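1. Sequence first, then the predicted structure, then my questions.
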Amino acid sequence: MQEKQSAILLFSQSAEADFAQKAFGLSFQRFSKVHKALVNKVINTAQASGLPVFEATSEIQRGTDFGSRLFHAIHWVSEQGFDQIIIIGNDSPGLTAAQIQEAAKCLNGGQSVLGKDQHGGAYLIGLNIDKTDLEAFKNIQWQTSKVFSQLTSLLPEVQVLVKIHTDLNGLGDLKSIVKGTEVINSFIAFLLLLVFGAVAYFRTACLFLKHTTANIQSHRGPPVLACFPHFFAARRCFLFTSNNIDHVKNIL
């Protein structure tokens, strides 16, 4: 029996389309830099998983609404000879290659896979073509808080990934990542620099210290020690933005 093949479908909109929905309060010129950074991040993550990656941008998508465009994109990847498809977008910077590999293992075991975001949507959808009613995908209320629950009902043998990721749909989502819902790393620091400019690390430090102060009672050691992890996380953001300004300018 021939082993089924898995591939990643990166389904993303153009900067213009995303800007119309979630501009972050930025000009289009600045938003396009954020969009480019997010796309590059998810492409690097997908490639690091070792699976083939197919990018369906707005330019090659077919259909009049989100559901029909996704339907045609899935068929496009399937026609390339892949029976198992892992669908991701460009707005979940916390997604890791290990999680994509975990999804592929679930698909190999005959399961469907979902990764839930904080809005009730899905940052990852893994499906077996021969077990999925793709026509029903057109009827999902995409880009709403009902997506995850509707997909759970539609897909057979669903395995839900443990991690709930934050989808970046606005400034509130970026702030929630900084507050500690996800790990602060150099990429998040880079996003802060793009969105807030040179004061990004100051905002980050303030959010960390505010979060630490609010939860100081839960720490059993001396109060000053409770601040250290948050202080150094904020300091990493500062060092990244300070030491990589020339590199950031080259990217921009």
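-> Looks like it arrived, so ask away.

2. mind listing what's buried in stretch 65-83?
-> Using 16 or more other C-beta atoms under 10 Å as the burial criterion, the residues of stretch 65-83 that qualify are F66, G67, R69, L70, F71, A73, I74, W76, V77, S78, F82, D83. The C-beta positions use only the backbone N, C-alpha and C, and glycine is treated the same way.

3. Return the member of the residues you listed nearest to S145.
-> F66 (14.7 Å; C-beta to C-beta).

4. per-residue confidence at that closest one?
-> F66 is assigned a pLDDT of 90 by the prediction.

5. ok now do it, which residues does it touch?
-> Residues in contact with F66 (C-beta atoms under 8 Å, 6 or more residues apart in numbering) are W142, Q143.

6. could the buried residues of stretch 65-83 go into TSV alongside distance to D133 and secondary structure?
-> Supplementary listing: the buried residues of stretch 65-83 in TSV, determined by distance: C-beta to C-beta, whole Å; DSSP: H, G, I helix; E, B strand; the rest coil:
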residue	distance to D133	secondary structure
F66	17	helix
G67	13	helix
R69	18	helix
L70	14	helix
F71	11	helix
A73	16	helix
I74	12	helix
W76	18	helix
V77	17	helix
S78	14	helix
F82	18	coil
D83	15	coil
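
7. If we only consider the residues you listed, which is nearest to L171?
-> F66 (23.0 Å).

8. from the buried residues of stretch 65-83, which is closest to L154?
-> For those, the nearest to L154 is G67 (11.8 Å; C-beta to C-beta).

9. low-confidence ranges in the stretch 101-250 of the chain?
-> Residues of the stretch 101-250 of the chain meeting the criterion pLDDT under 70: 178-186, 189, 197-250.

10. all helices of it, in order?
-> Counting by DSSP state H, counting those that start in this stretch, one finds helices in the stretch 101-250 of the chain at the ranges 147-154, 171-176, 186-196, 200-214, 223-243, 245-251.

11. All set, thanks.
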